[in-house]
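Visitor: Curious how this folds, go ahead:
(chains A and B)
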Amino acid sequence: MPEIKVTPLGAGQDVGRSCILVSIAGKNVMLDCGMHMGYNDDRRFPDFSYITQNGRLTDFLDCVIISHFHLDHCGALPYFSEMVGYDGPIYMTHPTKAICPILLEDYRKITVDKKGETNFFTSQMIKDCMKKVVAVHLHQTVQVDEELEIKAYYAGHVLGAAMFQIKVGCESVVYTVSMHSSSYRCAAWIDKCRPDLLITESTYATTIRDSKRCRERDFLKKVHETVERGGKVLIPVFALGRAQELCILLETFWERMNLKAPIYFSTGLTEKANHYYKLFITWTNQKIRKTFVQRNMFEFKHIKAFDRAFADNPGPMVVFATPGMLHAGQSLQIFRKWAGNEKNMVIMPGYCVQGTVGHKILSGQRKLEMEGRQILEVKMQVEYMSFSAHADAKGIMQLIRQAEPRNVLLVHGEAKKMEFLKQKIEQEFHVNCYMPANGETTTIFTNPSIPVDISLGLLKRETAIGLLPDAKKPKLMHGTLIMKDNSFRLVSPEQALKELGLAEHQLRFTCRVHIQDPRKEHETVLRVYNHLKGVLKDYSVQHLPDGSITVESILIQATAHSEDQGTKVLLVSWTYQDEELGSYLTSLLKKGLPQSTS
Amino acid sequence: MKLYCLSGHPTLPCNVLKFKSTTIMLDCGLDMTSTLNFLPLPLVQSPRLSKLPGLVLKDGSTFLDKELKECSGHVFVDSVPEFCLPETELLDLSTVDVILISNYHCMMALPYITEYTGFTGTVYATEPTVQIGRLLMEELVNSIERVPKAQSASTWKNKEVQRLLPAPLKDAVEVSMWRKCYTMPEVNAALSKIQLVGYSQKIELFGAVQVTPLSSGYALGSSNWIIQSHYEKVSYVSGSSLLTTHPQPMDQASLKNSDVLILTGLTQIPTANPDGMVGEFCSNLAMTVRNGGNVLVPCYPSGVIYDLLECLYQYIDSAGLSNVPFYFISPVANSSLEFSQIFAEWLCHNKQTKVYLPEPPFPHAELIQTNKLKHYPSIHGDFSNDFKQPCVIFTGHPSLRFGDVVHFMELWGKSSLNTVIFTEPDFSYLDALAPYQPLAMKCVYCPIDTRLNFIQVSKLLKEVQPLHVVCPEQYTQPPPSQSHRTDLMIDCQPPPMSYRRAEVLTLPYKRRYEKIEIMPELADSLVPLEIKPGISLATVSAMLHTKDNKHVLQLPPKPPQPPTSKKRKRVSDDVPECKPLKPLLSGSIPVDQFVQTLEK
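Guide: Numbers count the residues shown, from 1 in each chain, chains lettered A, B, ... in the order given. Reported below is the predicted structural model:
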């Protein structure tokens, strides 16, 4: 039986390092190629030796698909393509293709230049890797080869994020990171494509978050209060995505409240990121697109570039700094400076992976051991606001309702939370739900129907008949399937014989039925005719001029018995194709004719 | 399969294709050449235009002198300009299921179709096509509505009267169908019926037909369309270009294996080389400005203007024009310049790469930033304060009948220092200039039409090998003015089928097969028999379900034990309910064995 196999190399019952292998109808597709923020050793990348121990990966994979530019979804790409070796196509959307190399370069700089690692991919490798990328439009059907096609749907997670449908023949898989809308992105959308399998992230599987508006109000209130009492607010963010969303929020709030405290974002990446948002504005929501000619939402008046020296300035300020989990870089530096003052606040607007400073302070730790055995005491307020654009349980349930998959597979979430969601999905939708661990293979059996070519003549004949009494009622049709060189054609039996040069045999059954009837032959015939007409109301019964009767194609003739004139011999003749009606008629006639009064 | 041809204009097509129970309109172009018969609409009262003498007919009668005016031997209608609509009577347009738009120039009649014919279907177009199409319509409506004209002439349209008029009015076709411009509410209503599509997106129509837009390389978001079922393929090629300008290159490979290829929107100036024309444009512009004159460029607010600005960006400094102001005046100038920067995915590779940096793809962003290019919604307001001469002005409309261009024609026409440079190919420049004669200003004709020329077409047709080509009749003969140029027509085998306005073509094709799906349960029950080496047969008796034009074969509900053997006989007492099965009988009969069996 046809089957779809799924093996996560990363993100199986885990958050980070997304990388999922899918085998569908003989095609192998790798979904995402991410890194893990929580590790600095081999474990930061997926274990590609699972695919092959030696040799290049090109021979084993038909294509690679990247869902969006977050490093836990594309961070291992240069390692995978240039260091392990893959030359096939890598698909991603235009904004992802634009932003991905910049984040990769940033990641490389932090790892190599700052931490001094040597066995890491180089800038040139990033460039070579990006040359293998094919940018796709939304809704464009990309023919990877003759059988394998992929199609991107808007996912709304971050700029350029996409769901992907992978299809071979009738079998299909949909892979999505999330379904979520926000102030600058429109809601994700997919049609009722009924895939055999839906692979979805479940980062926030147990959270059903309160309305976006409440969260936004809460966020603004906290920032405002801190600034009012002269405190400093640190918002660790990743350069792209949430940062822009929150910038828009604060910008409009500052404008409305006429606030004076400075807002900064760390230079470099974020600034550049805003340019991307300006140029890829068609990927944002309707409102922003409509007003962009008058005012581009991503040109900020109140938000200025951050300089390292500003951190020591007295007075209130708000700073957006990267990275988002406080595991390195500028955000961590500022955090260390400000952590000791209880007037200050750090707002974590997203998920933090285990092992990062962000995760530690969110889990309540207030004494942190920094490099060199230093102990940092955290007195500043720590707030968590889930602005992360990952799907929550509600979003995932909506997605399932919309796409109507036959099976669901959860990745990119913690095992416990996944278990909860798995039960919920199985209860509500009665579909199988899987949550394989890394390296564990899930096999899903599919039962695809078989497409064949039907001759128009046969189809028209059948639908024409079908139209007569009840067009809605399905109609029984008869044809011959010709199987030749892997092609299937359904034609009428006559055509099949003709095409194959076969002679058709006529097989006729003939039966004599004796009837006691002293009348003249033609009168007998008339009686038989009337009788049959009375019984067989739905059939065409005809009395031909030559004295014979036809019921459909069955012929009945009457002759007088050569010896006994009182007995008439009815000759009933039918073809093999009319066997049932023929045998029925003989048995009917054998019972004799009713004593008619006529 | 039938093709209803509603427009006679080869570059502004409007055809309706009936294909497999769907009715598909291909483009709805608006023929605006009719406006050339009208007097220009000046923004400020023009003494010259208002003093033009009324028409006196040959027999001396003057009853038309209010409606028709004479200027330098030409007769013009003094009325709100009107457009020549596509045929609306050839078929019931309310039966049109979908409209496919190929580029923003070919959608200008859309409000007339969607708002006046009872149309209830969907329009498909790419995002840039819709956005820029909206700008073109906005500009059109705006430039006509802001100059309200009390008079609406109709006497001259009377067939008896029209006969008496001098050419070209005498020969104008379908004048009774000419209509005034639509309004903004109608534009908005029409555009709200559009569904956005992307290149290579497969769109199912009623399960019967699939349509797909392909990049056509002519303009931002411009597309050719594939209309296909499982067995038939119609390609609709409209306004395509193989030149590398700003849009994404043309997708030619996907046009292969077409049964029918409908070819419209070829270049209107087959003898001019666009690159040469751009060069001429620049040198004429520079020369005029150096001599202290002004340059007027009548143009559409989007399209070639982006390329011209890009050329000028590279040319200005080397030609010593850095201090000459460039003005772009249009109610949609700002929008057009802004929109051009945000369609990265629809641009050619070089421009995409710039966006990845991230930098604006078009250099006019820099021209604006450095104040070399300024844009204004109209000549009123800020423009009048900033206006410095000599200067270069880009403004519409290319017909010279409405829009701010009328003002500058009146203003600059008297001086031979000034130059008007025609770059848009849609209107004959001599006809456009007729109501401004006599004119002292220089006129330069540099039509830039990047659409396919006949050499490219014949190469394309050889490449994609369609079985049949359908095209407007204009393409099957040399242009009337150059009847000896037999190279300026489509040359292919078999010769193309041609159409003209209001004609219905029956397209040659023969459907023989349809797709049907066999459910797995039914497939399991089939018993294939190898009849010849490599060929197997199986008798199928199944329930046929047809829904949304998709056919599925399922197991019959109560399988009446399909008679797979000849020997089984069953006598039933009931009248057989369903039509008996009809297996076929064939093959060799082992006669001897058969006889032996009988003997037993």
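
Visitor: Just list whatever residues bridge to the residue nearest the centre of chain A.
Guide: Geometric centre of chain A, nearest residue: residue A:174, 1.8 Å, by Cα atoms, centre = their mean. Beta-bridge partners recorded for residue A:174 (DSSP bridges): residue A:165, residue A:198.

Visitor: pLDDT at it, what is it?
Guide: pLDDT for residue A:174: 95.

Visitor: ok, now how distant is it from chain B?
Guide: Using Cβ to the nearest Cβ, to the nearest Å, we find residue A:174 at a distance of 16 Å from chain B. Every residue, glycine included, has its C-beta placed from N, CA and C.

Visitor: looking at it, that residue is touching residue A:403, isn't it?
Guide: Yes - Residue A:174 lies in contact with residue A:403 (Cβ atoms under 8 Å); the separation is 6.0 Å.

Visitor: Mutual contacts of those two, please.
Guide: Listed contacts common to residue A:174 and residue A:403 are A:190, A:193, A:195, A:198; contacts here mean Cβ atoms under 8 Å, 6 or more residues apart in numbering or on different chains.

Visitor: Can you list the residue ranges for strands in the stretch 351-500 of chain A?
Guide: A:367-369, A:375-377, A:381-384, A:407-411, A:432-434, A:442-445, A:450-455, A:475-484, A:487-491 (DSSP state E, counting those that start in this stretch).

Visitor: pLDDT of the fourth one, averaged?
Guide: In this case it means strand A:407-411. 94.

Visitor: In TSV, list the strands of the stretch 351-500 of chain A along with distance to chain B and mean neighbour count.
Guide: Converted to TSV, these look like this (distance: least, Cβ to the nearest Cβ, whole Å; neighbours: other Cβ atoms under 10 Å in any protein chain shown):
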stretch	distance to chain B	mean neighbour count
strand A:367-369	37	12
strand A:375-377	37	11
strand A:381-384	32	16
strand A:407-411	17	26
strand A:432-434	18	18
strand A:442-445	11	15
strand A:450-455	4	20
strand A:475-484	4	21
strand A:487-491	6	19
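
Visitor: Residue A:44: what's it in contact with?
Guide: Counted by Cβ under 8 Å, 6+ apart, residue A:44 has contacts A:17, A:35-36, A:75-76.

Visitor: typed the wrong thing, it's residue A:511
Guide: Applying Cβ under 8 Å, 6+ apart, the residues near residue A:511 are A:571-573, A:582, A:586.

Visitor: how far away is it from chain B?
Guide: In terms of Cβ to the nearest Cβ, residue A:511 sits 11 Å off from chain B.

Visitor: tell me the secondary structure for that residue?
Guide: When classified by DSSP: H, G, I helix; E, B strand; the rest coil, residue A:511 comes out as strand.

Visitor: Give me the buried positions along stretch A:536-543.
Guide: A:536, A:539, A:541, A:543 (16 or more other Cβ atoms under 10 Å in any protein chain shown).

Visitor: gap between it and the chain center?
Guide: The chain centroid and the centroid of stretch A:536-543 are separated by 56 Å, computed with Cα atoms, centre = their mean, to the nearest Å.

Visitor: Just the mean pLDDT for it, thanks.
Guide: The predicted model gives stretch A:536-543 an average pLDDT of 79.

Visitor: So residue A:43: helix, strand or coil?
Guide: helix.

Visitor: tell me the pLDDT at the closest residue to it other than its chain neighbours?
Guide: What sits nearest to residue A:43 in space, not counting adjacent residues and going by Cβ to Cβ, 6 or more residues apart in numbering or on different chains, is residue A:36, at 6.3 Å. At residue A:36, the pLDDT value in this model is 87.

Visitor: pretty sure residue A:36 is touching residue A:10, no?
Guide: Yes - using Cβ under 8 Å, residue A:36 is in contact with residue A:10, at 6.9 Å.
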